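Fold the following and give me the result.
(2 chains)
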2 protein chains.
Amino acid sequence: MSPSPGLLQSLAWSRTHESELFERFLQILRIPSISNDPEHAREMRTCAEWLRSELVRIGLNRCETLESGGPPFVYGEWLNAGDERPVVLIYAHYDVMPVDPLTAWDSSPFAPTVRSGRLYARGAIDDKCGVSISIAVLESMLAAEGRLPVNVKVLFDGEEEQGSPHIAGFIAAHKDRLAADLLVVSDGGGTPGQPLAMASVRGTVDAEVIIRGPRTDLHSGLYGGVVHNPLHCVGEIIAALHDGDGRVRIPGFYEAVRPPTPAEQAVMATMEPTLVERALQETGRTVFWGEALGSYAMRATALPTCDVNGVWGGYQGPGTKTVIPATAGIKLSLRIVPNQDPNTVLQSLCELVGTFACPTLDVEVLPGAVNWPATLLHSGPVFAQLQAAYAAAWGVEPQLYRAGGSVPFMGYAQQLLTLPIIDLGFGVGGNAHAPNEYFELEYFRKGIDTALYFYYGIATLPRAVFHAQY
Amino acid sequence: MSPSPGLLQSLAWSRTHESELFERFLQILRIPSISNDPEHAREMRTCAEWLRSELVRIGLNRCETLESGGPPFVYGEWLNAGDERPVVLIYAHYDVMPVDPLTAWDSSPFAPTVRSGRLYARGAIDDKCGVSISIAVLESMLAAEGRLPVNVKVLFDGEEEQGSPHIAGFIAAHKDRLAADLLVVSDGGGTPGQPLAMASVRGTVDAEVIIRGPRTDLHSGLYGGVVHNPLHCVGEIIAALHDGDGRVRIPGFYEAVRPPTPAEQAVMATMEPTLVERALQETGRTVFWGEALGSYAMRATALPTCDVNGVWGGYQGPGTKTVIPATAGIKLSLRIVPNQDPNTVLQSLCELVGTFACPTLDVEVLPGAVNWPATLLHSGPVFAQLQAAYAAAWGVEPQLYRAGGSVPFMGYAQQLLTLPIIDLGFGVGGNAHAPNEYFELEYFRKGIDTALYFYYGIATLPRAVFHAQY
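Model prediction:
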């Protein structure tokens, strides 16, 4: 099928105006929108307002910042493509991680700097490229054609790096506004020469276990052996979470897990050497954990996990303090996979931990954030358009992978809005969340091209196709 | 046997001069000799120097402050009683615990204040009464008679509240100077109307377990399930330390334990209701731990214990941080009883913990302070003199008990100097280590009397008797 005239015009327009589009990418990179730091609350609003005005400028309608309890969401829409065309909800996030340690940066994190074909700045790949390229693509299409090939809703999240704590309430409050035929998530990316596409993301279950013993801290020389030490129970609970092979012992934990498809298995086999190589370099360990459960890629992406992230209680300073703490606790985070239900997992965890309560100790589980896993489109006509778009823009089709991480919006969008999801990430580079985050400059152009091919591509599909996928 | 003229003269002198003796007690209470706080290093030396000058003033010889690496020891001696008389080493400590929280004190901790027959001050019972009454007793005898009934060496410790970390080296460096026939430890005390005498103290073994995993902290969303989390090993090690009944599972842990004698069992039976009552009040728990192992008194005083005092590693702040820590650790303290050897116990602990090392984690044990348990004289002619002294001064004999706590000097003196030990404590009152520490005023007089009866009593015993006891 030959490219549509609109696609060709938009590609041409974006090339002619590439330096202006790139300049706007630099502008947003200059705003220190660190969401986890109350000192940056003003910059979060500056960034949100700047994005809203950009959406107005390029010609979207109903452009607003929407409150959710944290930094605002930014919304805009353009719904004049016609009822037969799909409604696409485009998601990216404008908040970034903190920059500590600042001294490890070779250039200031909020003064974007080009060196050797790379653009260095906090947020360069995670995820202001997602925000900027999405705007650039929409602007190119609207400027070139005066219209978009599909109906579009844009949603920029300001607290993804905090785990989007207000996302469930926000979606529930804006169900109609967010209704769509497809969710395109532009968070993620690829490696130079090889685009990647998520087949799934994991969900999370956070919890804290509190163990209460004596009324106050006691002297272990006086009360050791007669008062049950909460830290001893901490050890017993942690030891009960895994068997010797690293298998999680929460009852029923693996029951709902969707096993990888043959295609996913093939992808994991391809990913295996890269993942292991990276782990060898980053961890300093030569032997990994849980090998009885499956390949490295299987354990890191397709299996659920349970980690203790911290233990508190008692004395941690230098030397010795002979204390039996009144209270101790365990911070737990679980990663769950399709088709696990985070609420079921949380309940099983509570039941297991609850068995440690006894006349000498009280045990309580405080549930934390709960996020759903999500399965993305990874076959069928919509995915075929993604493959075709990458083939056209990069000369190579995307490699599918199951992501070990989580994007809370994906899980809740799938649960609450029953949206099919596709991954169209623009972040090609390195050092996300770390000093010297960088974006490979040539992928600004390739990202715009890929998105233009994709949006014009899916415009040819009947609306019904989108929901049939899911 | 009628009292010796020397005893009667000394009793009389101490009565005549009681207000001056008491004034000196107040003087030392005014010096904030908090040993664990570097800000009080100067006051530690002020206190040591004041004590040295007191020993000079009352007529001791060779009065010196002796360096050990921490606050100085204070030493003085009077060895002119004749070769046929025993050499008694008198031990007490002049350092005190911190006073936090200061707001909980009804009067300033270093402004000794009398209210309702009680003297309130930090150190009033632990252990400046031991220092002051020892000096008052020696002064009374020297002033009344111009001589002492026994040869005396005095040693005041300045870091007992820190666990006397330099004690082993100090004793080794001063073996000849500290050689004696009997060690009298004036740390401890009784309850109004009922003197107490320690039959034994426990020793301690401190250790820290370090578990090293990845080179740096990792994201548990990326590395959970593939990198062995040091905190999971923390849990397994802690869980391995005790069985479900609270029995310590360190191999051979209970093998050397000296079972209580029938007399000690009788004492424990007497102590049981008091200890349980105190525990009910102080702990807020109604059920205690380890009941399968023995009575409350047995577990609290005559059995060894193992407590986790702290766990470090990972995230402990509010909310969640999905981290696999590079390193985690466990702070352990064990209480050991006669006849356990702390070095053997430490080695068994290291062996047990070492079994958790694996290709995915490194495990190391850092030994901390090691202190020997000690068995005190609790029968025989020397102990009979203690009983007689209390009977004369209080009208009641002391109740024997096995102490759950530790006095490091006792264990090392017994191991390195093979000294028989007797407990002559003057601390009758309450709130040791806590706000509003107080001394029951009438026991200043009774303490002096008891010590005078005791020292004149043992002067009648042949030297050989002391070592036959041990």
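
pretty sure residue A:213 is touching residue A:229, no?
Yes: with contact defined as C-beta atoms under 8 Å, residue A:213 reaches residue A:229; the gap is 6.6 Å. C-beta: built from backbone N, CA, C; applies to glycine.

Same drill for those two, tell me which one is more crowded.
Neighbour totals were compared for residue A:213 and residue A:229, and residue A:229 leads with 33 against 28 (other C-beta atoms under 10 Å in any protein chain shown).

Can you verify my assumption that that one contacts residue A:326?
No: taking contacts as C-beta under 8 Å, residue A:229 lies outside contact range of residue A:326: 10.4 Å.

tell me, what's touching these two both at once?
Common contact partners of residue A:229 and residue A:326 (C-beta atoms under 8 Å, 6 or more residues apart in numbering or on different chains): residue A:213.

just checking, what packs against whichever strand or helix holds residue A:54?
Residue A:54 belongs to helix A:41-58 when assigned by DSSP states H and E. Counting contacts by 3 or more C-beta pairs under 8 Å, 6 or more residues apart in numbering or on different chains; DSSP states H and E, helix A:41-58 is packed against helix A:18-29, strand A:61-66, strand A:73-78, helix A:128-145, strand A:151-157.

Quick one: closest of these to chain B.
Each of the helices and strands packed on helix A:41-58 has some distance to chain B by C-beta to the nearest C-beta; the shortest is strand A:151-157, at 17.6 Å.

helices and strands around whichever helix or strand comes after that closest one, which ones?
Reading on from strand A:151-157 to the C-terminus, the next helix or strand found by DSSP H and E is helix A:167-173. The contact analysis (3+ C-beta pairs under 8 Å, 6+ apart) places helix A:167-173 against helix A:408-417.

elements contacting the helix it packs on?
So helix A:408-417, by 3+ C-beta pairs under 8 Å, 6+ apart, packs with strand A:87-93, helix A:167-173, helix A:175-178, strand A:182-185, strand A:362-371, strand A:374-375, strand A:421-423.

The helix or strand that the fourth one is followed by pairs with which strands?
Along the chain past strand A:182-185, the next helix or strand (assigned with DSSP H and E) turns out to be strand A:189-191. Its sheet considered, strand A:189-191 pairs with strand A:194-201 (antiparallel), strand A:427-430 (parallel) by DSSP bridges.

which of the ones you listed sits most buried?
strand A:194-201 (a mean of 25; mean count of other C-beta atoms under 10 Å in any protein chain shown).

what's the angle between it and strand A:362-371?
130 degrees (axes from the mean of the first three to the mean of the last three C-alpha atoms, to 10 degrees).

What is whatever helix or strand comes next after strand A:194-201 packed up against?
Reading on from strand A:194-201 to the C-terminus, the next helix or strand found by DSSP H and E is strand A:203-212. Contact analysis of strand A:203-212 by 3+ C-beta pairs under 8 Å, 6+ apart lists helix A:230-241, strand A:327-336, helix A:342-354, strand A:362-371 as its packing neighbours.

what's the closest of these to chain B?
Among these, helix A:230-241 comes nearest to chain B, with 2.4 Å by C-beta to the nearest C-beta.

burial of residue A:281, as a residue count?
Residue A:281 has 9 nearby residues by other C-beta under 10 Å.

for residue A:416, same thing?
Residues near residue A:416, counting by other C-beta under 10 Å: 16.

in chain A, what secondary structure element scores lowest on mean pLDDT?
helix A:463-469 (a mean of 82; mean pLDDT, DSSP states H and E).

chain center to that helix, what's the gap?
25 Å (C-alpha atoms, centre = their mean, to the nearest Å).

got the CA positions of that helix in CSV?
These are the backbone C-alpha positions of helix A:463-469, laid out as CSV (Å, rounded to 0.1, in the frame of the first residue of the first chain):
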residue,chain,number,x,y,z
ARG,A,463,-12.7,0.8,14.7
ALA,A,464,-14.1,-2.6,15.5
VAL,A,465,-10.6,-4.1,15.0
PHE,A,466,-9.2,-2.4,18.0
HIS,A,467,-11.5,-4.0,20.5
ALA,A,468,-11.4,-7.3,18.8
GLN,A,469,-7.7,-7.4,19.7
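
Show which residues not belonging to it make contact with it.
Residues outside helix A:463-469 that contact it (C-beta under 8 Å, 6+ apart): A:84, A:85, A:86, A:181, A:182, A:377, A:380, A:381, A:382, A:383, A:420.

I'd like to know which of these is nearest to chain B.
residue A:377 (22.5 Å).

If I follow the layout properly, residue A:410 ends up in contact with residue A:200?
No: taking contacts as C-beta under 8 Å, residue A:410 lies outside contact range of residue A:200: 9.2 Å.

Under the pLDDT cut-off, which ranges of chain A? List them.
A:1, A:469-470 (pLDDT under 70).

Excluding chain neighbours, what is closest to the residue nearest the centre of it?
Nearest to the geometric centre of chain A sits residue A:407, at 2.9 Å (C-alpha atoms, centre = their mean). Nearest residue to residue A:407, sequence neighbours excluded (C-beta to C-beta, 6 or more residues apart in numbering or on different chains): residue A:201, at 5.3 Å.

any idea how far the one you found lies from residue A:115?
32 Å (C-beta to C-beta, to the nearest Å).

Could you do residue A:428 as well?
Distance of residue A:428 to residue A:115, given as C-beta to C-beta: 16 Å.

now do residue A:361
The gap separating residue A:361 from residue A:115 is 57 Å, by C-beta to C-beta.

what about these two, which has more around it?
Between residue A:361 and residue A:115, counting by other C-beta under 10 Å, residue A:361 is the more crowded of the two (21 against 12).

surely residue A:437 meets residue A:119?
No: checked against C-beta under 8 Å, the pair residue A:437 and residue A:119 is beyond contact range at 9.4 Å.

which of the two has more neighbours?
More crowded of residue A:437 and residue A:119, by other C-beta under 10 Å: residue A:437, with 27 against 23.

show me the contacts for the more buried one.
Listed by C-beta under 8 Å, 6+ apart, the contact set of residue A:437 reads A:109, A:120, A:121, A:122, A:123, A:124, A:125, A:126, A:429, A:430, A:431.

what about the first one, how many neighbours?
What it means is residue A:109. When neighbours are defined as other C-beta under 10 Å, residue A:109 has 25 of them.

Residue A:387 - that's part of a strand, no?
No: with DSSP: H, G, I helix; E, B strand; the rest coil as the criterion, residue A:387 is helix rather than part of a strand.

which non-adjacent residue is nearest it?
Excluding the flanking residues, the one nearest residue A:387 by C-beta to C-beta, 6+ apart is residue A:397, at 4.6 Å.

Next, give phi and psi for the one you found.
Phi and psi for residue A:397, reported as degrees, to the nearest 10, are phi -80, psi 160.

Summarise which helices and strands the top helix by length along chain A is packed against.
Counting residues, the longest helix found in chain A (DSSP state H) is helix A:262-283. Here helix A:262-283 touches helix A:296-297, strand A:399-402, going by 3+ C-beta pairs under 8 Å, 6+ apart.

right, so of these, which gets closest to chain B?
Of the helices and strands packed on helix A:262-283, nearest to chain B by C-beta to the nearest C-beta is helix A:296-297, at 5.7 Å.

so how far is residue A:192 from residue A:118?
Taken as C-beta to C-beta, the span from residue A:118 to residue A:192 is 10 Å.

neighbour-wise, which of these two wins?
residue A:118 (17 against 13).

What strand or helix carries the nearest residue to residue A:449 once chain neighbours are set aside?
What sits nearest to residue A:449 in space, not counting adjacent residues and going by C-beta to C-beta, 6+ apart, is residue A:393, at 3.8 Å. Applying DSSP H and E as the criterion places residue A:393 in helix A:380-394.

And that helix, what's buried?
Across helix A:380-394, burial judged by 16 or more other C-beta atoms under 10 Å in any protein chain shown covers A:381, A:382, A:383, A:385, A:386, A:387, A:389, A:390, A:392, A:393, A:394.
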